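> below is the sequence, then the predicted model.
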Amino acid sequence: MTLAITLIVLTLIKATPIVYAALGGVISERSGVINIGLEGMMVAGAFFAVIVSYATGSPVPGLMAGIAAGAAFGYILALAATRFKVDQIVAGTGINLICTGGAAYGLVLLFNQPGASVQVHALGSDYWILVLLAFALAAALHVVLYRTPWGLRVRACGENPFAVTSAGLNPLLLRTYAVVLSGALAGLGGAFLSIGELNLYSEGMTAGRGFIALAAVIFGRWTPLGATGAALVFGLFEALQFVLEGRIAWLPPSAMSALPYVAALIALAGITGRVRPPKADGVPY
Amino acid sequence: MQGSAQPVLLLRGIRKTYPGVVAVDDVDLELFPGEIHALVGENGAGKSTLASIAFGEVRPDRGTVEARGAVGLVHQHFELAGRLRVWENVLLGREPRRGWRIDAAAAHAHVVALAERNGLAIDPDAFVDELPVGIQQRVELLRELDREPAILLLDEPTAALAPAEIASFFATITALAERGTAIMIVTHKLAEVMAYAHRVSVMRHGAIVERTLAAQTSGEQLARAMVGGDLPPVAARAATTHAPCLRVADLYGGDDERAVRGLTFEVRAGEIVGIAGVEGNGQSALADALAGVIPYRGTVERPPHARIGIIPQDRLAEALVPNWSIVENAMLGRQHRARSRRGMLVDRVHAREDARQIVERYDVRTPSLDATVKHLSGGNQQKVVVGRALIDAPSLIVAYNPTRGIDVGASALVQSRLMQARNEGAAVLLISFELDEILSLADRILVMYRGAIVGTFERDAVERAQIGRLMAGIA
């Protein structure tokens, strides 16, 4: 019984950063911009949250800094995708490389040590608020996308930006807002990893969650609630690896930690061809 | 109607150039309330550009646009969000609100009322991409009408519509004009102009070369003004010797509704066989089976090593790579032929030469051979497709609506080239929804209905009325 409760609690915690990033993926792709840079934006969020928490001695400014850092990289991707019409995949990949490389360099520069930062003030037990917030935001984003004028316009933008122009609106502006919001959400997810679950930044701590989130977006059919459900499934596999550790002797730990990724792979392979992305997803306007 | 009234749209000295072409050259135009004004011209004459300028979508290099009231534009390729609902598309940007949310009930009621007022029946909750093309156009029209435009511009509005849809479309437009909207229709379909328009302006090479009342002109006169002289006559039918070329027996294939069911026919060298029929009676399946792109049962015999030229039905989906240049598209599908290769490499010199030949022989209006095909007008794209299919002097040609979407001058040219190919000994299978095209070109006519051949007519024994009845399935 206690095992079941542990599993549920762990699943919620492990799913939280993926939920944030996946919601970011949904809003971005619904506007017509593929955000491959989610991973990098999570790294930026995790890293800057630690830096600012270290500098101010308080985790709340750190959290804000994490969100701002994600949003800033979101803005860079938005500029690349709208004003400069750069290939979105290339721009997103560039953001991933800059963020991971930049954070590694920053560690040496600021803490004079590679691999991990020093320990900083973290949210401690308050991180529960962020877990609950993730699921509240999922519901909120659902309402925004399907019930508000702005949401309708964002969805139209991802289907056919020319329809948005015909309605006298600016699709580039809508996409910019959506992608900045996407980055902020991914940054929040990253900050949750560094100063929520832990109290430091260590290299590789995002461990591909940005990409798992992209899988969750697809598996959730580009809807906030669907993507959240998918994130929970991936969170469950991550939690399983902790719960099962040491209980199944024949399965090596490295195989255990591959579980979420294998689950993502199988999930995607299973639904390929049966889901349709927004029509103008990834198409520059 | 224009004598007393003030114009609601006034274009003065409009000029617009694109790299390499003058699209619109010093054009004056006015529109009056309550009139239906047709702007006609060949593909690439500058009609669509002028409409975009009047709408305010494209900024002219020179000249002024004065509009009294809102301007609406219905695009040739509808600009709708396919997976959104009808009401969401119609009210995008002007959503009725309740607090910070969309008032869905009010939106729904608004669209129902709007549709009723304009006699355009529609389900506001339907998803746009699940609707037939004619209804999708209604959605775009409703979106424009909701802004209560004083001026409504329609770019090739009937290009994608079936004949029955066209009649009901013009009923709506005529009613709108009677209520005082100024309407301009950009088109090259002269029959529609003669039937529904009040005034006509003819554009050629970016300039307006003739202004007239529809009542004081004829389709023929307009065609001459569009082309700038007499229409090139279709090449004469020469005597040919027939040898067997394509033999089809008991052909079955395609999906249920539009399948072919046991076709048997022959196309001999030096003749054009026309397949007449209403769209959706198995013509696609026949063309796809002959092209080898769908599985089929039955016999398809053709001479070994026959060169085959295919003009597919959908130029953008099946014939061209829109993002490639004319040179690259001209090479496509012919890249393995000796002429196209230099050892393992592509022969760029010959490829250019071929593209130049197509552009010259078919009068493709393009700034250069390296222009991206998607930037050409639809008619000019079609000319590239036809030119490529015929350039290697094929012994068998399968042509599917070869003149779809192209203007009278270019149509005559394409038809002439098909006739010449026949005269030089090619076997031509012509599948067309334009009965007139088949009657003027074919040596033998097969009528297709529900996937079967229901009638065969030799050229000298054609009965038009009987063919029409067979096409409709009432004979």
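Structure's in. What do you need? These numbers come from a predicted model, not from an experiment.

> look up how far chain A lies from residue B:210.
31 Å (Cβ to the nearest Cβ, to the nearest Å). In short, each C-beta sits where N, CA and C put it, glycine included.

> that residue - that's part of a helix, no?
No - checked against DSSP: H, G, I helix; E, B strand; the rest coil, residue B:210 lies outside a helix; its state is strand.

> my guess is it contacts residue B:201. True?
Yes - between residue B:210 and residue B:201 there is a contact at 7.2 Å, judged by Cβ atoms under 8 Å.

> pretty sure residue B:202 sits in a helix.
No - assigned with three-state DSSP, residue B:202 falls outside any helix and is strand.

> before we move on, back to that, between residue B:210 and residue B:201, which one's more packed in?
residue B:201 (23 against 16; other Cβ atoms under 10 Å in any protein chain shown).

> list the contacts for that one?
By Cβ atoms under 8 Å, 6 or more residues apart in numbering or on different chains, residue B:201 lies in contact with B:29, B:37, B:38, B:39, B:40, B:208, B:210, B:211.

> what do you get for residue B:83?
A:159, A:276, A:278, A:279, B:127, B:128, B:129.

> quick one: which helix or strand includes residue B:153?
strand B:151-155 (DSSP states H and E).

> next up, the contacts around residue 45.
Since you didn't name a chain, this refers to chain A. By Cβ under 8 Å, 6+ apart, the contact set of residue A:45 is A:66, A:67, A:69, A:70, A:186, A:187, A:188, A:189, A:190, A:191, A:194.

> should've been chain B
By Cβ under 8 Å, 6+ apart, residue B:45 lies in contact with B:203, B:204, B:205, B:206, B:226.

> most surrounded residue in these?
Busiest of the contacts of residue B:45 [other Cβ under 10 Å] is residue B:203, holding 25 neighbours.

> nearest residue to that one in space, please, no chain neighbours.
Distances taken as Cβ to Cβ, 6 or more residues apart in numbering or on different chains place residue B:41 nearest to residue B:203, at 3.6 Å, with adjacent residues excluded.

> quick one on the thing from earlier: which of the contacts of residue B:83 sits closest to residue B:368?
Nearest to residue B:368, judged by Cβ to Cβ, of these is residue A:279 at 31.4 Å.

> follow-up on the earlier one: quick one: is the strand holding residue B:153 near chain A?
No - Strand B:151-155 lies out of reach of chain A by Cβ under 8 Å from any Cβ of the partner chain, never closer than 12.3 Å.

> residues of the following helix or strand past that strand that come out buried?
Under the assignment DSSP H and E, the closest C-terminal helix or strand after strand B:151-155 is helix B:163-178. Of the residues in helix B:163-178, B:165, B:166, B:169, B:170, B:173, B:176, B:177 count as buried by neighbour count, 16 or more other Cβ atoms under 10 Å in any protein chain shown.

> show me what helix B:163-178 is packed up against.
strand B:36-41, helix B:133-146, strand B:182-187, helix B:190-196 (3 or more Cβ pairs under 8 Å, 6 or more residues apart in numbering or on different chains; DSSP states H and E).

> possible to save those as JSON lines with mean pLDDT and mean neighbour count?
Listed next are these as JSON lines, based on pLDDT from 0 to 100; neighbours: other Cβ atoms under 10 Å in any protein chain shown:
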{"stretch": "strand B:36-41", "mean pLDDT": "94", "mean neighbour count": "26"}
{"stretch": "helix B:133-146", "mean pLDDT": "89", "mean neighbour count": "21"}
{"stretch": "strand B:182-187", "mean pLDDT": "94", "mean neighbour count": "26"}
{"stretch": "helix B:190-196", "mean pLDDT": "90", "mean neighbour count": "17"}
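
> among these, which is nearest residue B:409?
Here strand B:36-41 is closest among those (Cβ to Cβ), at 10.2 Å.
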